[in-house]
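Participant: Give me a 3D structure for the following:
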Amino acid sequence: MKLHADKPTHLNIFTGYGADFVSVNQQRHGGSVLVGPTTVAPWRPISFADLQEEDFTTLLALQPEVVLLGTGSRLQFPHPRLSRALLQAQVGVEAMDVSALCRTFNILVAEDRRVLAAVLFS
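Facilitator: Here you go, the predicted model:
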């Protein structure tokens, strides 16, 4: 599905997604990826089942106020021990499917929030 911004921006926005990719500012990314308002980087876990505590702990260095965890085409919730470091730092963690993640991220970025999208596809 394609998503369109109301106006051009210097910030990252999701412009499309599919079963195994997301597009950020028209640039296609496959595999696990972290997307912030001004950054895009690969992310270590290759699947939801591969998530470890360290994967969430490393996100603290990016100083998000909220992390959107995209869990592929269906919603899955990580065990609370995995995201404990974020919750202790008072960083919100919201799990959702990738389509909801893309829409939510774009809204939060437009509101100048420090949002971080952590995208997985399986």
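Participant: which residues in the protein form helices?
Facilitator: 53-57, 84-88, 98-110 (DSSP state H).
Participant: Pick the most deeply packed of the ones you listed.
Facilitator: Most buried of those by mean neighbour count (mean count of other CB atoms under 10 Å) is helix 98-110; its value is a mean of 20. All C-beta atoms are positioned from the backbone trio N, CA, C, and that covers glycine.
Participant: what's that helix in contact with?
Facilitator: Helix 98-110 has contacts (CB atoms under 8 Å, 6 or more residues apart in numbering) with 1, 3, 5, 11-14, 17, 22, 35, 37, 66, 68-73, 94, 96, 115, 117, 119, 121.
Participant: List buried residues within those residues.
Facilitator: 3, 12-14, 17, 22, 35, 37, 66, 68-72, 96, 115, 117, 119, 121 (16 or more other CB atoms under 10 Å).
Participant: need the contact list for Pro80.
Facilitator: Applying CB under 8 Å, 6+ apart, the residues near Pro80 are Leu87.
Participant: Tell me the pLDDT of it.
Facilitator: Pro80 carries a pLDDT value of 94.
Participant: what about it, distance to Glu53?
Facilitator: Using CB to CB, to the nearest Å, Pro80 is found at 11 Å from Glu53.
Participant: same check, this time on Trp43
Facilitator: Taken as CB to CB, the span from Trp43 to Glu53 is 14 Å.
Participant: Kindly report the same for Ser32.
Facilitator: From Ser32 to Glu53 the distance is 16 Å (CB to CB).
Participant: Likewise for Gly70?
Facilitator: Gly70 is 19 Å from Glu53, by CB to CB.
Participant: likewise Phe121?
Facilitator: On the measure of CB to CB, Phe121 and Glu53 end up 21 Å apart.
Participant: residue ranges with poor pLDDT in the chain?
Facilitator: 1-9 (pLDDT under 70).
Participant: which residues in it form strands?
Facilitator: For the chain, the strands defined by DSSP state E cover 14-17, 21-24, 27-30, 33-35, 40-42, 66-71, 92-96, 115-120.
Participant: Let me have the ones you listed in TSV, extended by distance to Phe105.
Facilitator: Formatted as TSV, the strands of the chain follow (distance: least, CB to CB, whole Å):
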stretch	distance to Phe105
strand 14-17	6
strand 21-24	9
strand 27-30	13
strand 33-35	7
strand 40-42	12
strand 66-71	6
strand 92-96	10
strand 115-120	5
